[in-house]
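>>> For reference, the sequence and a predicted model appear below.
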2 protein chains.
Amino acid sequence: MQDKENILIIGAGLCGSLLALRLAQRGYQVTMYESRPDLRTTDISAGRSINLALSDRGLRAMKMVGIVDKVLPFCTPMYGRLIHDIQGNTFTSNYSGRDGEYINSISRGGLNGLLLTEAEKHDNVTIHFNKKCTSVDIENTTAKFKCYITKEKHEVCADLIFGADGAGSALRKSYYLEKKFLFSYSQNYLTHGYKELEIPADKIGNHQISKDHLHIWPRGQYMLIALPNLDGSFTVTLFLSYDEGAYNFNNLTTIEKVTEFFKTQFPDALDLIPDIDNEFFNNPTGALGTVKCAPWYYKGKTLLMGDAAHAIVPFYGQGMNASFEDVVVFDEILDQHQGDWETTFKAYQKIRKKDTDAIADLAIDNYYEMRDHVANPIFKEKRKIEMDLEKTFPNDYFSKYSMVTFNETINYATAMKIGRAQDKALLNLIADNELDTDANLKTVLHKVQQQTKEILQEDKVAGLQ
Amino acid sequence: MQDKENILIIGAGLCGSLLALRLAQRGYQVTMYESRPDLRTTDISAGRSINLALSDRGLRAMKMVGIVDKVLPFCTPMYGRLIHDIQGNTFTSNYSGRDGEYINSISRGGLNGLLLTEAEKHDNVTIHFNKKCTSVDIENTTAKFKCYITKEKHEVCADLIFGADGAGSALRKSYYLEKKFLFSYSQNYLTHGYKELEIPADKIGNHQISKDHLHIWPRGQYMLIALPNLDGSFTVTLFLSYDEGAYNFNNLTTIEKVTEFFKTQFPDALDLIPDIDNEFFNNPTGALGTVKCAPWYYKGKTLLMGDAAHAIVPFYGQGMNASFEDVVVFDEILDQHQGDWETTFKAYQKIRKKDTDAIADLAIDNYYEMRDHVANPIFKEKRKIEMDLEKTFPNDYFSKYSMVTFNETINYATAMKIGRAQDKALLNLIADNELDTDANLKTVLHKVQQQTKEILQEDKVAGLQ
């Protein structure tokens, strides 16, 4: 093997920082450039996904770099969804029938800061902030940067360049514009955007609603969700169409209209968001986009990772987990092909792309499910049966959600394929009144398994797999 | 209604020329700019899709503008596929069990020239050649052009701009780069590219193989097809991976290797392609890409049509037909909303996009079907049953291919939904030995219909429609 290469990482977000830490642990010389200021010393997150859900795939990555103990204190466990209907009634929908399976609300800033600090403990890591990558010469592995402080431009050359620079990746844009190869690329936006609001802590610093749940106010065309923070507050996110429906971002232009909207659609939430007028009009409206592309690499020179390679919508709570899992998968491939970067990159894409495509599609599915189905009787019945099956047969039954969220040994593509077939089996068995849940639950399990198998077989014969 | 607007059309290809003709018939002032020379006076087509398949959707457009009689002389009917196996055996696979349902091989240049000539008969049409559109200022409906002859640049302002400028559309690129709105966009390439070759006419100008068929040499990773021309020749297209498999475009670098490839894979075809060495190394290798995007329009100012809005791969023979159908659908919408362009554009996209998305997906499906399935026993059995059903029950049974190709009153999205379910039903009934084709064919029809209905219902319950 040759000497350890100089590696340039563009982007010091969650994926870039983790990658820097791991490559440093492996002994590479790592230089990382970030366009924003150091988030450990500057508040830069207002209104932009300040908390996220960390689950098993993400935790596996934390174990890989040995910092789980330092991450857990940032976590607030959420055991299920708490659905708020329009009358203010609530009902719960747990994430799993097994004990110990839950997702964690975590602050993006806190976790990112921890990763940066851990990476910087290594002498072979250097991090530069306020330096925006403007383009990459992929043939010569040279990146151009502009400094936001000095306004100066400069170039950095490295043996390898990793683009962990998020959904708006400069490396990916260079792939697209340089036209050195056939670059398959898609960016797809939902008709809805999002806006963050806040439910503050009560006067003594406690959460005003259950901190053990992810709260959802599903209203078809509109949806509100809330995730707990450690300080007793909740980060609330409104999902709303830009221009369709009775209320949308384009026509909510006055305080009166916004108040009317919340009063009619989310009356119980409105009471908890005191600063809604200020927040609604001053926090940015974010777009909800999915990005897929291929190839992720150019020769053995550059590689896209995380959101730069596969930005997804937030409805499965897997964006960060998928990006962290990228680093785990890449780390395993590196063991096999270390020293041959082109083979490493190729093998990584071959094993990983089908999975990131799958979680992108699953996240879109969940957008519709959360909006429309969580309050639907057949869906509720399905979730109830699944909870019973998971509780009674913890080693034999795994819902799609469980496979995706709590089973890091099942890849996303497999979880999607089996999970979708299983959902289809369950929904049709319920619709056809073929599941007698008062009878032996074992019979129910066998029926669902049998039907799932048949669905998979029929798809296979039809060439749909 | 206001006075008839000045309309600028970018691109005088098949879609642009038809659109110009139709808008001229409606009395608009039409100016059309084309980057290439006038194809009626210059030979510009070498190695680039010089013939295409015209079927019912395309013919409907020709009827709309009243030129069917002038188009038919350019057509060579193809009644089915003629499959060539590796031993040189052939078997037929008709396109329909009904009489009078066939597709037409037609010269791109001949048809395009006719459309240009018909458009130019109108005083309100002006066509400029050799003028390449470089960008469009969509807010001010102003397009920039560069003249390939004089090298001069100039701008053209119009009331409306239509981008019919093909898969590499300058208008679409301006949507992407101007970032005035959230632009969903995808370009996806297959792993295979294509190259055109020629089977010349025999010494007395006749076709050397059946001119009544589209010829296919399916070999899994490789595929050759041939379409008849009026002059007795065939245009042959080789579909081959860029870099995978034993033979690919990257490793076929010598005459010896190319000859070896054809001798082992397509021995009967090799005997018919005398100039293969010259053609293989001098004709360009084309990419096979699918483009989807949305929105197609900007306010009431600009609109993408044809390949510029939805480029598809050629495997369903529907690329030109879909673009022609765009103009038919647009023409109908124009009747409803004439004078209100934004409403017209919005209504057009709403009704049309699901259909162009569908034909894009169907064309990808057919890529795999043509490569892999046409020689597969279950697939052959399915086609045989479908031919029998169509012949015996011409008003009750329509294969997916028939719905897409011969039933212009069924839109592409519906044809895809029903056709896929029907294919799945048939393939599974055959695989499970549940179709006794020696028995009453009416029983077969009912079983297929019943099973198709069930599949559609199950998908609906599972939320998959």
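Looks like it arrived, so ask away.
>>> Might you enumerate the residues of the stretch 151-300 of chain A proximal to chain B?
Contacts of the stretch 151-300 of chain A with chain B, taken as CB under 8 Å from any CB of the partner chain, map to A:182-189, A:242, A:287, A:289, A:292. For the C-beta atoms, the positions are set from N, CA and C on the backbone; glycine is no exception.
>>> and the gap between whichever residue of chain A sits closest to chain B and residue A:106?
Residue nearest to chain B within chain A: residue A:186 (3.3 Å; CB to the nearest CB). Using CB to CB, to the nearest Å, residue A:186 is found at 29 Å from residue A:106.
>>> what's the answer for residue A:272, then?
The value you get for residue A:272 to residue A:106, if CB to CB is used, is 21 Å.
>>> Who has more neighbours out of those two?
Neighbours of residue A:272 and residue A:106, each counted by other CB atoms under 10 Å in any protein chain shown, are more numerous for residue A:106; the result is 22 against 19.
>>> ok, back up a step: could you pick out the buried ones from the residues of the stretch 151-300 of chain A next to chain B?
Buried residues within those, defined by neighbour count using 16 or more other CB atoms under 10 Å in any protein chain shown: A:182-189, A:242, A:289, A:292.
>>> For those, work out which two are farthest apart.
With CB to CB as the measure, no two of these lie farther apart than A:182 and A:242, at 32.6 Å.
>>> so what pLDDT did the spatially most central residue of chain A get?
For chain A, the residue nearest the mean C-alpha position is residue A:319 (1.6 Å; CA atoms, centre = their mean). Per-residue confidence for residue A:319 comes out at a pLDDT of 96.
>>> again with residue A:345
If you check residue A:345, the pLDDT there is 98.
>>> Report the contact partners of it.
When contacts are counted by CB atoms under 8 Å, 6 or more residues apart in numbering or on different chains, residue A:345 touches A:296-297, A:300, A:303.
>>> Also residue A:59?
Under the criterion of CB under 8 Å, 6+ apart, the contact list for residue A:59 reads A:68, A:71.
>>> Residue A:217 too?
Contacts of residue A:217 were listed using CB under 8 Å, 6+ apart, and they are A:83-84, A:223-225, A:265-266, A:269.
>>> Could you measure from the residue nearest to residue A:434 when sequence neighbours are not counted over to residue B:209?
Closest residue to residue A:434 in three dimensions, ignoring its sequence neighbours and counting by CB to CB, 6 or more residues apart in numbering or on different chains: residue A:447, at 6.9 Å. Separation of residue A:447 from residue B:209 (CB to CB): 55 Å.
>>> So which of the contacts of residue A:217 are in strands?
Counting by DSSP state E, the part of the contacts of residue A:217 found in strands is A:83-84, A:223-225.
>>> Mind putting these into JSON lines with distance to residue B:386?
Formatted as JSON lines, the ones in strands among the contacts of residue A:217 follow (distance: CB to CB, whole Å):
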{"residue": "A:83", "distance to residue B:386": "47"}
{"residue": "A:84", "distance to residue B:386": "52"}
{"residue": "A:223", "distance to residue B:386": "45"}
{"residue": "A:224", "distance to residue B:386": "50"}
{"residue": "A:225", "distance to residue B:386": "48"}
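>>> quick one: terminal-to-terminal distance for stretch A:297-306?
End-to-end distance for stretch A:297-306, by CA to CA, to the nearest Å: 13 Å.
>>> who touches that stretch?
Applying CB under 8 Å, 6+ apart, the set of residues contacting stretch A:297-306 from outside is A:11, A:13-16, A:19, A:136, A:138-139, A:141, A:160-164, A:166, A:169, A:171-172, A:175, A:180-181, A:293, A:296, A:322-323, A:326-327, A:330, A:340-346, A:348-349.
>>> Any of those residues buried? List them.
So, by 16+ other CB under 10 Å, the buried ones in these are A:11, A:13-16, A:19, A:136, A:138, A:141, A:160-164, A:166, A:169, A:171-172, A:175, A:293, A:296, A:322-323, A:326-327, A:330, A:341, A:344-346, A:348-349.
>>> Just the ones of those residues in helices?
By the criterion of DSSP state H, membership of those in helices covers A:14-16, A:19, A:171-172, A:175, A:322-323, A:326-327, A:330, A:341, A:344-346, A:348-349.
>>> Setting the sequence-adjacent residues aside, check what's closest to residue A:329.
residue A:352 (5.2 Å).
>>> Correct me if wrong, but that neighbour is in a strand.
No. Counting by DSSP: H, G, I helix; E, B strand; the rest coil, residue A:352 falls outside a strand, being helix.
>>> Touching, it and residue A:327? I think so.
No. At 10.7 Å, residue A:352 does not count as touching residue A:327 under the criterion of CB atoms under 8 Å.
>>> Please spell out which residues along stretch A:205-213 are buried.
Across stretch A:205-213, burial judged by 16+ other CB under 10 Å covers A:207, A:209-211, A:213.
>>> actually stretch A:61-70, not the one I wrote
A:61-62, A:64-65, A:67.
>>> Quick one: mark the members of those residues that sit in strands.
Short answer: the buried residues of stretch A:61-70 have none in strands (DSSP E).
>>> Tabulate those (TSV), appending distance to chain B and pLDDT.
As requested, the buried residues of stretch A:61-70 are arranged in TSV below (distance: CB to the nearest CB, whole Å; pLDDT from 0 to 100):
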residue	distance to chain B	pLDDT
A:61	29	98
A:62	34	98
A:64	32	98
A:65	35	98
A:67	37	98
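>>> which parts of stretch A:392-410 are buried?
Of all the residues in stretch A:392-410, those buried under the rule 16+ other CB under 10 Å are A:393, A:397-406, A:408, A:410.
>>> Farthest-apart pair in those residues, please.
Among those, the pair separated by the greatest distance (CB to CB) is A:393 and A:408, at 20.4 Å.
>>> do you know how far the residue nearest to residue A:213 when sequence neighbours are not counted is from residue A:372?
Distances taken as CB to CB, 6+ apart put residue A:82 closest to residue A:213, at 3.7 Å, once the chain neighbours are dropped. Here the criterion is CB to CB. By it, residue A:82 lies 18 Å from residue A:372.
>>> Neighbour count: those two, which is higher?
Here residue A:82 and residue A:372 are set side by side on neighbour count (other CB under 10 Å), and the busier one is residue A:82, at 19 against 16.
>>> which residues in the stretch 101-250 of chain A form strands?
For the stretch 101-250 of chain A, the strands defined by DSSP state E, counting those that start in this stretch occupy A:103-107, A:125-128, A:131-137, A:142-147, A:153-157, A:160-163, A:184-199, A:213-219, A:222-228, A:234-241.
>>> can you state the direction angle for the fifth one and strand A:142-147?
Going by axes from the mean of the first three to the mean of the last three CA atoms, to 10 degrees, strand A:153-157 is angled at 150 degrees with respect to strand A:142-147.
>>> Neighbouring strands of strand A:153-157 in the sheet, and parallel or not?
The strands beside strand A:153-157 in its sheet (DSSP bridges) come out as strand A:142-147 (antiparallel).
>>> how much does the strand it pairs with deviate in direction from strand A:131-137?
Between the axis of strand A:142-147 and that of strand A:131-137 there is an angle of 150 degrees, by the same axes, to 10 degrees.
>>> Run through who's touching strand A:142-147.
Under the criterion CB under 8 Å, 6+ apart, residues A:8, A:10, A:33, A:130-137, A:152-158, A:161, A:170-171 lie in contact with strand A:142-147.
>>> ok, 10 Å please
Judged by CB atoms under 10 Å, 6 or more residues apart in numbering or on different chains, the contacts made with strand A:142-147 from elsewhere in the structure are A:8, A:10, A:33, A:35, A:128-137, A:152-158, A:161, A:163, A:165, A:170-171, A:174, A:302.
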